[in-house]
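In: Please find the sequence and the predicted model below.
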Amino acid sequence: MIEVIKPGLETSVQDWPGRIGFWNQGFPPSGPMDSWSFRLANVLVGNAPGAAGLECQYLGPTLRFDADAVIAVTGADMAPKLDGVAVPLWESVAVRAGQTLALGPAKLGTRAYIAFSGGIASEPWLGSRSTFHQAGVGGIGGSALKAGHQIPLGAGTGVAGRRVKPEARPPIHGDKRWDVEVCAGPNDDWIDAAGQERFLSADWKLSGKSNRTGFRLEGPEWTFAEKAYNKGPEHGSLPSNIIDHGYPLGAINLAGQTPIILVSDGPSMGGFINPYTVPQAAFWKLGQSRPGDIYHFRLVSVERAQAMAREMKALCTEASII
Amino acid sequence: MTIYAQPRFLPGGDRYMLIEFGNEMNLELNFMAQGLAGAIRENKVGGVIETAPCFASMLVHYEPDDISFADLQTEMQRLIGSLGPSDDIELPSRLFYFPTVYCDPWTKAAIDDYTAKINPEKEYDPDFVARLNGLSGAEQLVRVHSGTEYWVASLGFWPGLPFMMALDPRCVITAPKYNPPRTWTPQGTVGMGGASTAIYPVATPGGYQIFARIPVPIWDPKQRFDVFADSICLFRPGDRVKFVPVSVAEFEEIERQVADGSYTYNVVEYQKFSVAQYKHWVSRLDRTKRF
């Protein structure tokens, strides 16, 4: 068991790929924003890549262990310390009963992940331990961590001193500019040629009004193709309105003139077009960026996006451990 | 406006396909989407993780390691071709009656907040929707909106949120969506966007025009009421809903019953919905008339 001394800023239990199979009732999968870092943390401590761990956003938690454990911290650098002594990132570490792990504010990147050998053994909900705290379900008591929460751990076989090869880690950087892959569609034909060109050439600033539901972007005005104007009234009156339809996770959803990337806790349906979709393999960049950062979108084919996901999956294995 | 001769198969990133059957809202297209979702379930199509049918389209979530986009498209075309005529469809359909306060103080507060903070030009939603649909005012909007049963075409946006269509064509109204969206909407709010009516299961952001509220939960993670025994979401596609106008005092009384667990859901469960009979009824209506 682990006791939460300080929760940090919205730290939550997540697993991967999360709550799958309930999109048609409106339940998002949830799960870690940067599943690359998350999966590697689990591999380090001998877990299946998707076992439940913690996602720490911006400011990490302080946790006290009541039993020996093996842990790994990956993703953003929150300068983790064990009883005041610095803990290396991307490496499995032994923790003794009674010790306290403290993470601070993110110095590089935005989201850190803590995996525990044996995984977090909280009660699954709809087949997943992922927290969807906006709806009060999953995780520990349906919420982000709170001081005093007890986190149960499973039995693990992890060993300390294992490291992730540097070349297998996501290249988290601090230059505040991110090249993010996108696939065209499903509704790119609602945008005129100039609008498509503008989307791919412009700088898009990540807005502060962003969370695990959606990442709002600030940038130039959108312009639309003829079909966005010449349509039946049941679509709605705005050019970006369409008859309500299912939303792909990662869709760049155009709410009026505001593009919102629908992320892990996002809505499953609605009445706005999705001209582009961020593929799974680019989500880690969203997870490691922060408001004020600039995105530049780069078009890739569906096949290339699928190959990227395969390459990432191959990296999140024992082959990346030294 | 058309039902497409051939559905459109649109990619959504590395693991989604959106299948569009047409670009209008009619029950026929929703029957097609529901029918395809059922056929995928029965045929256990390899590589399909889940589907989300909606009014005129269906989203497919697939695993590209198991099936390519091109092969998935071929398989979907085959299944769509095998669907029988929708007239043959007859399905059990529950009917839910909801006490409803129209032009209520709670949605008004949300609209006022939006007007004050985000868009001072925003016209009060009931007046706006009435005007756009050529109705005499908010009173006729209430009469028309509550004058029909609604068909639950799909669930989404938020867990358990029903996307519904008016079954009586004389009560079909349309409304644009908010631009930009609202940052909050009270739980139980009834609203419209396009030709779709929805109920907000919890307080969330939203883009629909809002003009009514129900005191009855439509999702319940604690499953306190027996209607939630099978699922924490009240509705299934193919259910029907009828809004019954009540006063604020009645609303508050029912709210108290919900809080203490004594409320009884008003559900009719003995009926079947026959597509052929429905079409026959609609064909004899004078669609130019309103209530």
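Out: Great, that's in hand.

In: Next up, the contacts around the residue nearest to residue A:250 when sequence neighbours are not counted.
Out: Counting by Cβ to Cβ, 6 or more residues apart in numbering or on different chains, residue A:250 lies nearest to residue A:278, which is 4.1 Å off, once chain neighbours are set aside. Using the backbone N, CA and C atoms, a C-beta is placed for each residue, glycine as well. Residue A:278 is in contact with A:180-182, A:250-252, A:261, A:286, B:13, counting by Cβ atoms under 8 Å, 6 or more residues apart in numbering or on different chains.

In: again with residue B:52
Out: Contact criterion Cβ under 8 Å, 6+ apart gives A:23-24, A:246, A:268-269, B:58-59, B:61, B:154, B:156 as the residues in contact with residue B:52.

In: do you know how far residue B:200 is from chain A?
Out: Distance of residue B:200 to chain A, computed by Cβ to the nearest Cβ, to the nearest Å: 12 Å.

In: Share the number of residues neighbouring that residue, please.
Out: Around residue B:200 there are 26 other residues, counting by other Cβ atoms under 10 Å in any protein chain shown.

In: Pull up the per-residue confidence for it.
Out: In this prediction, residue B:200 carries a pLDDT score of 96.

In: That one touches residue B:182, doesn't it?
Out: No: shown here, residue B:200 and residue B:182 do not form a contact pair, counting by Cβ atoms under 8 Å, at 10.3 Å.

In: for the chain, what spans make up the helices?
Out: Chain wasn't specified; assuming chain A. Counting by DSSP state H, chain A forms helices over residues A:35-44, A:193-201, A:283-288, A:302-315, given from the N-terminal end onward.

In: ah, no, chain B please
Out: Using DSSP H, helices in chain B cover B:27-43, B:69-82, B:105-117, B:125-132, B:138-145, B:248-260, B:275-283.

In: My guess is residue A:269 contacts residue A:248. True?
Out: No: here residue A:269 does not reach residue A:248: they are 10.9 Å apart, not a contact under Cβ under 8 Å.

In: center of chain B - which residue?
Out: Relative to the mean C-alpha position of chain B, the nearest C-alpha, by Cα atoms, centre = their mean, is the one of residue B:163, at 1.4 Å.

In: Tell me the spacing between the closest residue to that residue other than its chain neighbours and residue B:180.
Out: The shortest distance from residue B:163 to any residue other than its chain neighbours is 4.5 Å, reached at residue B:154 (Cβ to Cβ, 6+ apart). Residue B:154 sits 24 Å away from residue B:180 when distances are taken as Cβ to Cβ, to the nearest Å.

In: who has more neighbours, those two?
Out: Using other Cβ under 10 Å, the more surrounded residue of residue B:154 and residue B:180 is residue B:154, with 33 against 16.

In: wouldn't the more buried one be in contact with residue B:55 here?
Out: Yes: here residue B:154 lies in contact with residue B:55, judged by Cβ under 8 Å, at a distance of 6.6 Å.

In: picking up where we left off before, need the contacts of residue B:52 in CSV with distance to residue B:223 and pLDDT, can you?
Out: Formatted as CSV, the entries for the contacts of residue B:52 read as follows, by distance: Cβ to Cβ, whole Å; pLDDT from 0 to 100:
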residue, distance to residue B:223, pLDDT
A:23, 21, 93
A:24, 20, 90
A:246, 26, 96
A:268, 21, 94
A:269, 24, 93
B:58, 29, 96
B:59, 27, 97
B:61, 27, 98
B:154, 23, 93
B:156, 21, 89
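
In: So of those residues, which two are at opposite extremes in space?
Out: Looking at the contacts of residue B:52 by Cβ to Cβ, the two members farthest from one another are B:61 and B:154, with 15.1 Å of separation.

In: Of residue A:269 and residue A:248, which one has the most company?
Out: It is residue A:248, of residue A:269 and residue A:248, that has more neighbours when counted by other Cβ under 10 Å, with 31 against 25.

In: Chain neighbours aside, what residue packs nearest to that one?
Out: Once its chain neighbours are removed from consideration, residue A:248 has its nearest residue in residue B:12; the separation is 3.2 Å (Cβ to Cβ, 6+ apart).

In: how much space between that neighbour and residue A:311?
Out: Separation of residue B:12 from residue A:311 (Cβ to Cβ) stands at 21 Å.

In: Which one's more surrounded, the two?
Out: With neighbours defined as other Cβ under 10 Å, residue B:12 and residue A:311 compare such that residue B:12 has more, 26 against 10.

In: what sits against the more buried one?
Out: Residues touching residue B:12, when contacts are defined by Cβ under 8 Å, 6+ apart, comprise A:183, A:185-186, A:248, A:250-251, A:274, A:277, B:18, B:59.

In: Strands - which of those land there?
Out: Taking DSSP state E as the definition of strands, the contacts of residue B:12 contribute A:183, A:251, A:277, B:18, B:59.

In: Who are the contact partners of the first one?
Out: Contacts here follow Cβ under 8 Å, 6+ apart; on that basis residue A:183 touches A:276-277, A:279, A:299-302, A:305, B:11-14.

In: Format those residues as JSON lines; extra columns: distance to residue B:108.
Out: Putting the contacts of residue A:183 into JSON lines (distance: Cβ to Cβ, whole Å) gives the following:
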{"residue": "A:276", "distance to residue B:108": "37"}
{"residue": "A:277", "distance to residue B:108": "37"}
{"residue": "A:279", "distance to residue B:108": "43"}
{"residue": "A:299", "distance to residue B:108": "45"}
{"residue": "A:300", "distance to residue B:108": "47"}
{"residue": "A:301", "distance to residue B:108": "49"}
{"residue": "A:302", "distance to residue B:108": "46"}
{"residue": "A:305", "distance to residue B:108": "45"}
{"residue": "B:11", "distance to residue B:108": "42"}
{"residue": "B:12", "distance to residue B:108": "37"}
{"residue": "B:13", "distance to residue B:108": "40"}
{"residue": "B:14", "distance to residue B:108": "44"}
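
In: Which of those are buried, as a ChimeraX select command?
Out: Selecting the buried subset of these in ChimeraX, with 16 or more other Cβ atoms under 10 Å in any protein chain shown as the burial test, is done by:
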select /A:276,277,279,300,302,305 /B:11,12,13,14
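
In: and which of the contacts of residue A:183 is nearest residue B:66?
Out: Proximity of those to residue B:66 was ranked by Cβ to Cβ; the top entry is residue B:14 with 13.0 Å.

In: Would you map out the domains in chain B?
Out: B:3-84, B:92-283 (automatic domain parsing).

In: hang on, isn't residue A:7 packed against residue A:147?
Out: Yes: counting by Cβ under 8 Å, a contact exists between residue A:7 and residue A:147, whose distance comes to 5.7 Å.

In: Many thanks, we can stop here.
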